[in-house]
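**Q** Predicted model, plus sequence, below.
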Amino acid sequence: MLKLLIIEDQPAVREVVAEIIGGLGLDVEISQVGSLQEAGVVLSEQYWDGLITDMSLGDGNALEFLENSVVGGLALPPTILMSGFLTSARMKQATALGIDHVLAKPFEPNVFLDCLNDMLNGDEGTTLQSDSSGLSNRPAEQLSAQVSNRPSDKLLPEMFEMDRRMGLVYRMFDEMPAQNDVSAVCARALTIGMDAVHAQSGYMALFERQQHRLVMVASEDMEGLPASCDLAETVFQPLMNGDEEFHQSALGEGLSICWPGLESDQFVAVSVRLQGVAMGVLCLLNPTVSMPLKSETRQMLGLLVKKLDTLLDNRAVHAALAANMRDTLIALVRSLEARDRYTRDHSARVGELSAVLAADLGLDSDHVDLIRTGGLLHDIGKCGIPDAVLLKPDRYTEQEFAIMKAHPAIGDNILSNMDTMVRERQMLRHHHERYDGFGYPDKLAGEDIPFDARIVCVADAIDAMTTHRVYRMARSLSFCVEQLKNNAGTQFDPQVVAVAIAAIERGVVSTQAEDVLDSDGVMPLSALISVKTEVRNNG
């Protein structure tokens, strides 16, 4: 007896597939499960001659589930994979697993039967004998005739289409919110939109109203086109003016310019709105659905852009809240520093110098801004240090210095519940680590220290050396350069030191000391010891 397992989260589809197989009159035992969790249990408990599975289920992706199962020791039985959302990447993933039978939904029963016949009889890698299923000597026409007259079979394509639409909705509410930024959300929305109309290519562009320009933020198979264009170069003016929600062009209506260098005679464009105002366009090219769009397809695309509206709006609010929180934290730092005239504006200077070094290291503008914020906030943990230690007008005792060394961890803890400031937290926690591993609080070394923190570390040390402190006067730039060179590879990252010295030499850094770069004489030993201690403590 053949043992077949059907994995499908839509009961109606499961029942119809089981009915088709059962109607063949074979000696077969058919089991059904509606989730990957259930499938994991039954696959581990017994042997199966064949597996028939949908790709996207409510609790995950079947291909990823099967990959993990094979890694865990499962001998994968001959498998038919069904999906309404096939991509080249998924096809490659299936092939790598040895799955040669992939059916694109919707499909006719006779197509499924041909695939079942191939799977159970004679495909490479199948362990069954050719007569074990009873299918091998029966013509495909005879098999199809056995299942062609049942009402359920005529409904199968309809059920698959309903299943496909439900899958699209599931992806809107599951996959899109899981993305981390606006561009990722737009890219996922584009993929879902293309699947909704079976488009061959497409793009999403956001509208810069002041410049009257569309900027492409996500695309599929659109290589070689400009990243932005004037709205007037496209046919989407009515969409951006709010006069239309959908723009459709079907075969025979002539070519339209969807983007400079891109003409098409068949596409669907949908207005993307934020709080009711048109702010972009989703353009789906060469769809294979019938045109003009059926009402259910229009409804599906309408739901997609409404979900996109909600997500982009939420992210805008989230970004505004994050910016407000950063401003609040920066204000707290400034109030702390205002109590001590020797450290006043220290964090602002460290933030700006960190940004200069980051830019000189070739980091992009967003990364530079992130490091500037980390520099501004690097000492916020000092709000948890007692005033008797923090404001002491002299050098710290060993015990007091141990208390002061807690401020990086305190700063990290302050930001621990702010999920938008994960990378800033790293700078707060690790800006006193040393390249040789003798820093604090975690004694990280070399590349284990976050790169952003290594930048802030150097900027912090430079500002400490070039400003007056209660226990000593500011040092000259030449002395600062000497200390950076001497401590490169031990306290500081040599790569950061190199750009810091270059910045000093081109006049970016100033000092509160009276002497300048080339005017130093020999310094007393006591002064050298004092400054080396200061460099080690970073102020």
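**A** Perfect, I can see it now. Numbers count the residues shown, from 1 in each chain.
**Q** C-alpha from now on. contacts and neighbour counts both.
**A** Noted.
**Q** could you pull out the strands for the stretch 101-250 of the chain?
**A** For the stretch 101-250 of the chain, the strands defined by DSSP state E, counting those that start in this stretch occupy 101-104, 201-208, 213-220, 228-230, 246-249.
**Q** Let's have the ones you listed in a markdown table, adding mean neighbour count and mean pLDDT.
**A** Formatted as a markdown table, the strands of the stretch 101-250 of the chain follow (neighbours: other C-alpha atoms under 10 Å; pLDDT from 0 to 100):
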| stretch | mean neighbour count | mean pLDDT |
| --- | --- | --- |
| strand 101-104 | 17 | 84 |
| strand 201-208 | 21 | 89 |
| strand 213-220 | 20 | 87 |
| strand 228-230 | 17 | 88 |
| strand 246-249 | 18 | 84 |
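**Q** could you redo the ones you listed as JSON lines and give each row distance to Ser510?
**A** As requested, the strands of the stretch 101-250 of the chain are exported to JSON lines (distance: least, C-alpha to C-alpha, whole Å):
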{"stretch": "strand 101-104", "distance to Ser510": "67"}
{"stretch": "strand 201-208", "distance to Ser510": "40"}
{"stretch": "strand 213-220", "distance to Ser510": "41"}
{"stretch": "strand 228-230", "distance to Ser510": "41"}
{"stretch": "strand 246-249", "distance to Ser510": "59"}
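**Q** Pro260 is in contact with Pro226, correct?
**A** Yes - contact criterion C-alpha atoms under 8 Å: Pro226 and Pro260 qualify, at 7.4 Å.
**Q** helix or strand for the spatially closest residue to Arg90 that is not a sequence neighbour, which one?
**A** Spatial nearest neighbour of Arg90, chain neighbours left out: Leu63 (8.0 Å); criterion: C-alpha to C-alpha, 6 or more residues apart in numbering. Leu63 belongs to helix 62-71 when assigned by DSSP states H and E.
**Q** Contacts for that helix, please.
**A** Residues from elsewhere that reach helix 62-71 (C-alpha atoms under 8 Å, 6 or more residues apart in numbering): 36, 40, 53-56, 76, 90, 93-94, 97.
**Q** hmm, try it at 10 Å
**A** 7-8, 35-37, 39-40, 43-44, 53-56, 59, 72, 74-76, 81-82, 90-91, 93-94, 96-97, 99 (C-alpha atoms under 10 Å, 6 or more residues apart in numbering).
**Q** can you pull the buried residues of it?
**A** Across helix 62-71, burial judged by 16 or more other C-alpha atoms under 10 Å covers 62-63, 65-67, 69.
**Q** And for stretch 487-496?
**A** 487-489, 491-494, 496.
**Q** And the strands of the stretch 101-250 of the chain: which comes nearest Ile455?
**A** For Ile455, the closest of the strands of the stretch 101-250 of the chain is strand 213-220, at 30.9 Å, according to C-alpha to C-alpha.
**Q** Any regions of this protein where pLDDT drops low?
**A** 85-87, 122-161, 163, 180, 250-254, 314-325, 340-342, 417-420, 514-539 (pLDDT under 70).
**Q** Show me how the record splits it into domains.
**A** 2-163, 175-306, 338-537 (automatic domain parsing).
**Q** Can you tell me which of those is nearest to Asp327?
**A** Once the domains of the chain are compared by C-alpha to C-alpha, domain 338-537 is nearest, at 9.7 Å.
**Q** And that closest one, how far out from the chain middle?
**A** Distance of domain 338-537 from the chain centroid (C-alpha atoms, centre = their mean, to the nearest Å) equals 32 Å.
**Q** now Met279, what's its secondary structure?
**A** Secondary structure, DSSP: H, G, I helix; E, B strand; the rest coil: Met279 is strand.
**Q** What separation is there between it and Gln299?
**A** Met279 sits 20 Å away from Gln299, going by C-alpha to C-alpha, to the nearest Å.
**Q** same question, Arg165
**A** 11 Å.
**Q** Helix or strand next in line after the helix holding Leu63, which one?
**A** For helix 62-71, the following helix or strand on the C-terminal side (DSSP H and E) is strand 79-83.
**Q** Just the buried ones among the contacts of helix 62-71, please.
**A** Using 16+ other C-alpha under 10 Å as the threshold, 7-8, 35-36, 39, 43, 53-56, 76, 81-82, 91, 94, 99 are the buried ones among the contacts of helix 62-71.
**Q** which among these gets closest to Leu285?
**A** For the buried ones among the contacts of helix 62-71, the nearest to Leu285 is Met91 (22.0 Å; C-alpha to C-alpha).
**Q** Mind telling me what element that closest one is part of?
**A** Using DSSP H and E, Met91 falls in helix 88-96.
**Q** That helix vs strand 79-83, what angle?
**A** 170 degrees (axes from the mean of the first three to the mean of the last three C-alpha atoms, to 10 degrees).
**Q** Which strands and helices lie in contact with helix 88-96?
**A** helix 62-71, strand 79-83, strand 101-104 (3 or more C-alpha pairs under 10 Å, 6 or more residues apart in numbering; DSSP states H and E).
**Q** TSV for the ones you listed, including distance to Phe173?
**A** Formatted as TSV, those follow (distance: least, C-alpha to C-alpha, whole Å):
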stretch	distance to Phe173
helix 62-71	19
strand 79-83	19
strand 101-104	23
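**Q** so which of the ones you listed comes closest to Met404?
**A** Closest approach to Met404 among the helices and strands packed on helix 88-96 is made by helix 62-71 (48.1 Å; C-alpha to C-alpha).
**Q** For the closest one, list the C-alpha coordinates in CSV.
**A** This file holds the C-alpha atoms of helix 62-71, laid out as CSV (Å, rounded to 0.1, in the frame of the first residue of the first chain):
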residue,chain,number,x,y,z
ALA,A,62,7.5,24.4,3.3
LEU,A,63,10.9,24.6,1.5
GLU,A,64,12.6,26.1,4.5
PHE,A,65,10.9,23.5,6.7
LEU,A,66,12.1,20.6,4.4
GLU,A,67,15.6,22.1,4.3
ASN,A,68,15.8,22.0,8.1
SER,A,69,14.3,18.6,8.2
VAL,A,70,16.9,17.2,5.8
VAL,A,71,19.7,18.8,7.8
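**Q** Can you get me the start-to-end distance on stretch 169-182?
**A** 20 Å.
**Q** Which residues does it contact?
**A** Applying C-alpha under 10 Å, 6+ apart, the set of residues contacting stretch 169-182 is 56-58, 163-166, 168, 184-189, 192-193, 196, 217, 300, 303-305, 307-308, 310-312, 315-316.
**Q** Check the protein for its longest helix and report it.
**A** Identified as the longest helix of the chain according to DSSP state H is helix 295-337.
**Q** elements contacting that one?
**A** Using 3+ C-alpha pairs under 10 Å, 6+ apart as the contact test, the elements touching helix 295-337 are helix 151-174, helix 182-197, strand 246-249, strand 267-274, strand 277-285, helix 346-360, helix 365-377.
**Q** just how off-centre is that helix within its chain?
**A** Using C-alpha atoms, centre = their mean, the offset of helix 295-337 from its chain centre is 16 Å.
**Q** Check stretch 94-107 too.
**A** 28 Å.
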